[in-house]
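The sequence and its predicted three-dimensional model are supplied below.
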Amino acid sequence: MTEERKQIAGHVLACGTQIMWGATFVSSKVLLQYFLPSEVLFVRVVLAFLALLVAYPHYMKLKNPRQELAFAGAGLFGIVLYFMLENTALTLTYASNVGIIVACAPFFVAVMVGFFFKNEKSGVFFYIGFVIAMAGVIMISMSGQQSFNLNPLGDGLAFTAMISWGAYSALVKKIGEWNYPTIAVTRRIYFYGIIFLIPVLIFQNVSWDVSLFHEPQIIVNFLFLGLGASAMGFLLWNLATKWIGAVKTSVYIYVSPVVTVVLSVFVLHEKMTAASIIGSVLIFAGLVVSQKKTREKMKAVGASQVRNS
């Protein structure tokens, strides 16, 4: 595959993954009526690991044993800490607060990746797009509320979750430079996610109600979260990060709130407000502006190829 095709495919994969992840709130909402957040996360991570193991049953030998730390870190920051901190924050503060704070992730991904990788600096259009998109996220999150209420502990956990995702993105960017098979990379990250989740389950003294797994809605939602959102979702996200970089990939996080709004209308039968519509438009506008540098760069590359031909 040519570099230009990888760029296009990377953007499509990143956008598609966020559409899938935007749908996870419906499944999570159903499952959290019966299970703890850690239980839901553990089952979906185990399902994802098993699916990737079946799809790629080959051992991946590392070129350098020290690289194992990067995989362990990705499993800790991206699989365990991010989801546990975000879910815990949702129990302590308003969902709108968490949505706004986590939507700042592209900014922190840009800062962290730019610090560790000098070749992936963000231009002015990225930050302009970030401001426009954040205005849209705030409009969607605050729709129907009179004021923005702060909860120091809950909001702090959401902020930490966002930083954790930034660390995960930087690690995946580094791992991508080692040119291992993406499916094996994702599987190894999930392996460490399982390892780090076990102490959490022990600490919470989790006791499973096996009878619940006979319920069709439980099975369907776990399969979607485990096989779709986790196995396929993280595989595509990691591949997109490898092809177009962590910063450009992270921008598509803005798409998730729009998907949430649409699904809320069709699945939960909620009303779409004027603020939600305007917010969605602003998010897409911010997304386009953030990618402006990318398109100009592609044109420059094309012009260079014409001159050299």
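Perfect, thanks for sending it.

give me the number of residues near the closest residue to residue 24 other than its chain neighbours?
Excluding the flanking residues, the one nearest residue 24 by C-beta to C-beta, 6 or more residues apart in numbering is residue 229, at 4.7 Å. All C-beta spots, glycine's among them, are computed from the backbone N, C-alpha and C. By other C-beta atoms under 10 Å, 20 other residues sit near residue 229.

Residue 229 touches residue 26, doesn't it?
No - if you go by C-beta atoms under 8 Å, residue 229 and residue 26 don't touch, sitting 10.8 Å apart.

my guess is residue 258 meets residue 283, correct?
Yes - with contacts counted by C-beta under 8 Å, residue 258 reaches residue 283, the gap being 5.6 Å.

more crowded one of these two?
Higher neighbour count among residue 258 and residue 283: residue 283, with 26 against 22, using other C-beta under 10 Å.

Which strands or helices does the helix or strand containing that one pack on?
Following DSSP states H and E, one finds residue 283 within helix 274-290. Applying 3 or more C-beta pairs under 8 Å, 6 or more residues apart in numbering; DSSP states H and E, one finds that helix 274-290 makes contact with helix 124-141, helix 255-266.

The longest one vs helix 274-290, what angle?
Right, the one you point to is helix 124-141. Relative orientation of helix 124-141 versus helix 274-290 (axes from the mean of the first three to the mean of the last three C-alpha atoms, to 10 degrees): 170 degrees.

between helix 124-141 and helix 255-266, how many degrees?
On the basis of the same axes, to 10 degrees, helix 124-141 is oriented at 30 degrees to helix 255-266.

on that earlier part again, if I look at residue 258 and residue 283, which residues touch both of them?
Here residue 258 and residue 283 share the contacting residues residue 140, scored by C-beta atoms under 8 Å, 6 or more residues apart in numbering.

Can you name the residues in contact with the helix or strand hosting residue 14?
With elements taken from DSSP H and E, the one containing residue 14 is helix 3-22. The contact list for helix 3-22, computed with C-beta under 8 Å, 6+ apart, reads 1, 228-229, 232-233, 236-237, 239-240, 242-244, 248-249, 251-253, 255-260, 263, 291, 294, 298, 301.

Restricted to helices, list the residues you listed.
Among those, DSSP state H puts 233, 236-237, 239-240, 242-244, 248-249, 255-260, 263, 294, 298, 301 in helices.

give me the number of residues near residue 204?
Using other C-beta under 10 Å, residue 204 has 12 neighbouring residues.

which residues does the closest residue in space to it that isn't next to it in sequence contact?
Among residues not flanking residue 204 along the chain, residue 38 sits closest, at 5.9 Å (C-beta to C-beta, 6+ apart). By C-beta under 8 Å, 6+ apart, the residues touching residue 38 are 84, 197, 200, 201, 204, 206.

Show the average pLDDT along the helix holding residue 283.
Helix 274-290 shows a mean pLDDT of 80.

Next: stretch 157-166.
86.

Would you mind pulling the contact partners of that stretch?
77-78, 81-83, 85-86, 88-89, 92-93, 97-98, 101-102, 104-105, 108-109, 111-113.

Appreciated, that's everything.
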